[in-house]
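Asks: no FASTA, just this:
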């Protein structure tokens, strides 16, 4: 019966379709950038993204002109869309680092063909997230003028006991390290493009960016060591980022914010949201660019499984919040929970439970995990659900705090929505530009997936 | 810069950067690298489109300095981060914030952790760039058309530099050919 | 063919010896402890709870790891599966050993005293949950569920040895099983440990408890795997790569525990709420603070630094030595978790703390050894066995 183990992998379980060689992989992925006609869908997608980006431009301009009073913030809800969107975008970014770093350490080969796009997604998501802390200062150039350099005229230093300062450290470190990691991964592929580009300007551009990479064995040895080290550093970093984001809430005393489960529950939520977004992007892309050979059904299934696992941890977090709200015997905690269930935002709470708790249970079924369209649908629920989760946390607690006389209600204004939708435009625009000018799959890593094929088939080349 | 540096015997050995041989399979390349190294050549390098497991080791090469650099960077970041928190909060301008101790080390761990990672990652990246000698706008192997066209897509190359004391133009070429090279090219400096 | 392989991968005779020694030691320790129970009943129950929580962590952690390896596959799961299975089959014994705790509730938990509850608003609020009847009903339910899952998983795995072929039932139980496991263990941690101080609460506690059980189990599994790797048949399978994987997993658990514990500490320390912060105030008082420091260093810093070394993870004997240290630290951490609830003012060690723990561990180890024998040390019928072990040689 042991022979069964030896049978060839059925097609749907492979990470790369059979018959690919170093050459064919290079050809197929780089041609999407260099030679192939840009698909019509690219222009449509870019146009949509660029149109939405105008919403951001308009929203931000008007906010700079009139002030952040345009946002729906007022007493008692002083935190709203800005932080919700910030947390949502940061969370989405996490899957990129997770795929490229943690799965690299775990030696999971399936990450190779999705890591590039996922890392790009991380960087763009963090850029979108950064919009909110930047523009919530009202007139950022003034903030920069008065706040930098430290110490200012009052000789005060930032309060390093404040989670908001930790956030600055965490997010800027995260962005820098993600960018460095991403660029490091790009160097050999940029060299590939340099050597294959026909146009002189492209040759120079890719040549400068590739730093003179020539695939030397000595460089590869250092390069692989550096990749491992960067992955080892990125793994605790990515976990720390959403942990620090959760500290923004959890170090406070607000019921519904101050919960010790927040750090792991936020991290799980971030991975959950991130994988949903990776799937949201990859499912259409693999179809449009014909990358089904590289982003196989098995990739989709694995990502769906990660989503299921992290989704269950998130759901566990919801249950713990509810149980301990009662168990704490703290009237404010228990009121907070009842307010979530039946208060003014109850409809959102139950939508959240459906989107994040019920809908993903469908992923238990292989049939659903391996049907891209259904999987795409589930991911949409999760994308929405994770945004609602942050909404439930922020205004629900603030609008009904300790003193009933100061209760209020919060809704985003049209400017809130405009800036939020606008950041989606920024994200899409950046992402479409990325897939146009850079290889959206890691060419050299996908090459190694075909290594076994080299010995037999490589001899065919001229 | 000649467009094609295909073998032509007229080139004198002294003017050469070295020779580069192209192989058809990874196994052949690995075997050749091992053999050339055993023969005593040290100024050798291989060019492959993807990392080949054990190739650097086959040429007697294993650079672990990057680990040390990263560690040092991390330690520096750790000290810098905690030092920043401590100096500003305890020494330079002590302020009672929420009744917490001046040296609130549990809070300071968070920024310290982030700077540790930041410094370590940047040391690792800059170390890689530095050790590889990047950015490097010019390298002689690119004078060979085959390397230019295939080293970053599907070609496997092994180069021996002329400065190697054991280098002898004819003998080295023969050695590479006998090791299974499909083609051997001279590399203009 | 599988018949032959089953015979080839048998437990070494040393297991018999360990079983006898463990049983003798454990039996003697428990008998001595019974004397202590007569002399100081309250102390006996308190020491018993400590020893029980420490011992139970191993089979419970193993149950979690067993289900995880059924779901994820991989070489580490193949080589440790039989150890995990032998451990989880001690759960009926652990259920039996829970009886003294149920009998000694009034010595352990203040919420069992009606007169205290009558004057305490918080305990009154919690009374629908924290009352002796419901406490026992829940414990019966937990053990019923855990034992059922453990026995089903081990029974099917045994059947697989004979029949071969892929058994989808193992995954069918493990998927939802891990969910139920997570929820029940959280509630159990609230019941048995958190409610020792019924005013205190922390939402991360269940997760922290789960991870600490996983760490105990993993350290034990590594120790056993090293022990089994000395038999000629198993030594061919238990390559450095296997230990490397187990070492990486151990590092993950060490870091995960530290991460969760630090998160809990930082949040409670920052918020400084009177009903929460007592937990850390007690544990940083007087001599307790030195135990806290020892736990930070021995439970995190020391193993963390060592496990970063690649060579250490690949050398089975050194990894096993580290596993022993971690198990010792696990006992200290359990001590740090449980005992301050009884001795808030000053840290002190009662001779019963050690004796009862020794007795329970001895008894449990004997049961484990007994379970380990008779079955192949590898799941020889698993169709993925060969594939999972194929990558072991680099």
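Replies: Great, that's in hand. The structure presented is a predicted model; accordingly, all values stated were derived computationally and were not measured.
Asks: need the pLDDT of the residue of the stretch 101-250 of chain A found nearest chain C.
Replies: Among all residues of the stretch 101-250 of chain A, residue A:250 sits closest to chain C, at 5.0 Å; criterion: CB to the nearest CB. C-betas here are computed from N, CA, C, even on glycine. Here the pLDDT value assigned to residue A:250 is 93.
Asks: who touches it in this structure?
Replies: A:257, A:258, A:259, A:260, A:262, A:263, C:267 (CB atoms under 8 Å, 6 or more residues apart in numbering or on different chains).
Asks: which non-adjacent residue is nearest it?
Replies: In space, and not counting its chain neighbours, residue A:250 is closest to residue A:262: 4.0 Å by CB to CB, 6 or more residues apart in numbering or on different chains.
Asks: quick check, central residue of chain C?
Replies: Closest to where the C-alpha atoms of chain C average out (CA atoms, centre = their mean) is residue C:57, at 1.7 Å.
Asks: in three-state terms, label the most centrally placed residue in chain A for me.
Replies: Nearest to the mean C-alpha position of chain A, by CA atoms, centre = their mean, lies residue A:93 at 2.1 Å. What DSSP: H, G, I helix; E, B strand; the rest coil gives for residue A:93 is helix.
Asks: that one against residue A:120, yeah?
Replies: No: counting by CB atoms under 8 Å, residue A:120 is not a contact partner of residue A:93; they are 10.3 Å apart.
Asks: for residue C:187, see how far away residue C:173 is.
Replies: Here residue C:173 is placed at a distance of 20 Å from residue C:187 (CB to CB, to the nearest Å).
Asks: does stretch C:151-166 come close to chain A?
Replies: Yes: interface with chain A: stretch C:151-166 contributes C:164, C:165 (CB under 8 Å from any CB of the partner chain).
Asks: specify the local secondary structure of the residue in the stretch 101-250 of chain C positioned nearest to chain B.
Replies: At 14.6 Å from chain B, residue C:241 is the closest residue in the stretch 101-250 of chain C, using CB to the nearest CB. Assigned with three-state DSSP, residue C:241 falls in the helix class.
Asks: just to revisit the earlier point, surely the residue nearest to the centre of chain C is in contact with residue C:211?
Replies: No: counting by CB under 8 Å, residue C:57 stays clear of residue C:211, with 10.5 Å between them.
Asks: residue A:119: what's it in contact with?
Replies: With contact set as CB under 8 Å, 6+ apart, residue A:119 has these partners: A:96, A:97, A:99, A:100, A:178, A:181, A:182, A:185.
Asks: and what of residue C:102?
Replies: Residues near residue C:102 by CB under 8 Å, 6+ apart: C:135, C:136, C:139.
Asks: show the buried residues in the residues you listed.
Replies: Neighbour-count burial (16 or more other CB atoms under 10 Å in any protein chain shown) applied to those gives C:135, C:139.
Asks: mark which of the contacts of residue C:102 are part of strands, please.
Replies: Counting by DSSP state E, the contacts of residue C:102 place none of their members in strands.
Asks: hang on, the earlier thing: could you measure the residue nearest to residue A:250 against residue C:48, distance?
Replies: From residue A:262 to residue C:48 the distance is 35 Å (CB to CB).
Asks: same for the helix or strand containing residue C:141, what does it pack against?
Replies: Per DSSP states H and E, residue C:141 falls inside helix C:132-163. Packing partners of helix C:132-163 (3 or more CB pairs under 8 Å, 6 or more residues apart in numbering or on different chains; DSSP states H and E): helix C:2-8, helix C:41-72, helix C:75-88, helix C:91-97, helix C:99-103, helix C:168-192.
Asks: any weak-confidence spans in the chain?
Replies: Using chain A. Scanning chain A with the threshold set as pLDDT under 70 gives A:1-19, A:143-155, A:450-462.
Asks: not what I meant, chain B
Replies: B:1-14.
Asks: ok, back up a step: what about the residue of the stretch 101-250 of chain C closest to chain B, neighbour count?
Replies: 17 (other CB atoms under 10 Å in any protein chain shown).
Asks: so out of everything in chain B, what residue is nearest chain C?
Replies: Closest point on chain B to chain C, by CB to the nearest CB, is residue B:106, at 5.2 Å.
Asks: from residue B:113, how far out is that residue?
Replies: From residue B:106 to residue B:113 the distance is 12 Å (CB to CB).
Asks: cool, residue A:419 as well?
Replies: Residue A:419 sits 31 Å away from residue B:113, going by CB to CB.
Asks: which residues does residue C:221 contact?
Replies: Counted by CB under 8 Å, 6+ apart, residue C:221 has contacts C:62, C:65, C:80, C:83, C:84, C:87, C:246.
Asks: ok so residue A:295 is a helix residue?
Replies: No: using three-state DSSP, the assignment for residue A:295 is coil, not a helix.
Asks: for it, which non-adjacent residue is closest in space?
Replies: Per CB to CB, 6+ apart, closest to residue A:295 is residue A:286, 4.2 Å.
Asks: does the one you found touch residue A:297 like I think?
Replies: No: distance between residue A:286 and residue A:297: 10.0 Å, which falls outside the contact criterion (CB under 8 Å).
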